[in-house]
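J.: what follows is a predicted structure for the sequence shown.
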Amino acid sequence: MTRAPNPIVQASATARVLVAGQAPGNLADVTRKPFNDPSGVRLRDWMGVTETEFYDPARVALVPMGFCFPGYDAKGGDRPPMKRCAETWRAGLLERLSGVQVMILVGSHAQKWHLGRRAGKSLTETVSNWQAFTSERIFTTPHPSWRNTSWLKRNPWFEADVIPALRHAVRDALDS
């Protein structure tokens, strides 16, 4: 089943926090609300924000690499975001987000686009090198999907070390 393009982006020049994700999922596409699922609950917990704060475009920009739901692959997982979306619109949109103080790069697609050669060979390598980017107020995270629960269990340092620093940076940005 092919769907009509349905871009789902939340952005304002006054946003203090940018969440750069992959692409809207099925539920986001249907409800027109990004991270409107258990992964959004986990992401908001990681950030230490309320649902009201998260969905306030004046405070938080939600700008995925692909603006539309990419569909499912043969195994039932989401396809990767369409590259042409980021190539066509991403840079221009990000230029307009002049108030961003903290950037959260969710998943390898966002990390590779924003970090370029500084991204590691794997998501784990990039996320484990998180402190290399904090001077720029950039945080690297895995996707908060339930599919990554085993990754989180194998990498307890993420919740022990990264999450407290991320929460502190987000709170500082939102309260400034």
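T.: It's in.
J.: when you work out contacts or count neighbours from here on, use the C-alpha atoms and nothing else.
T.: OK.
J.: tell me who's in contact with the closest residue to residue 96 other than its chain neighbours.
T.: Setting aside the residues directly before and after it, residue 96 is nearest to residue 13 in space (CA to CA, 6 or more residues apart in numbering), at 5.7 Å. Contact analysis of residue 13 by CA atoms under 8 Å, 6 or more residues apart in numbering lists 58, 96, 97, 98, 99.
J.: tell me the pLDDT of the spatially most central residue of the chain.
T.: When CA atoms, centre = their mean is applied to the chain, the residue found nearest the centroid is residue 21 (3.0 Å). Turning to residue 21, the model gives it a pLDDT of 95.
J.: so it sits against residue 106, correct?
T.: Yes: if you go by CA atoms under 8 Å, residue 21 and residue 106 touch, sitting 4.8 Å apart.
J.: what's the overlap in contacts for these two?
T.: residue 143.
J.: that older thread, for residue 164, state which of the contacts of residue 13 is nearest.
T.: Nearest to residue 164 out of the contacts of residue 13 is residue 99 (CA to CA; 22.7 Å).
J.: quick one: the closest one is in a helix?
T.: No: under the criterion used here (DSSP: H, G, I helix; E, B strand; the rest coil), residue 99 is coil, not part of a helix.
J.: picking up where we left off before, not counting its neighbours along the chain, what's nearest the residue nearest to the centre of the chain?
T.: Distances taken as CA to CA, 6+ apart place residue 64 nearest to residue 21, at 4.3 Å, with adjacent residues excluded.
J.: please apply the same query to residue 146.
T.: Of all residues not flanking residue 146 in the chain, residue 39 sits nearest, at 6.8 Å (CA to CA, 6+ apart).
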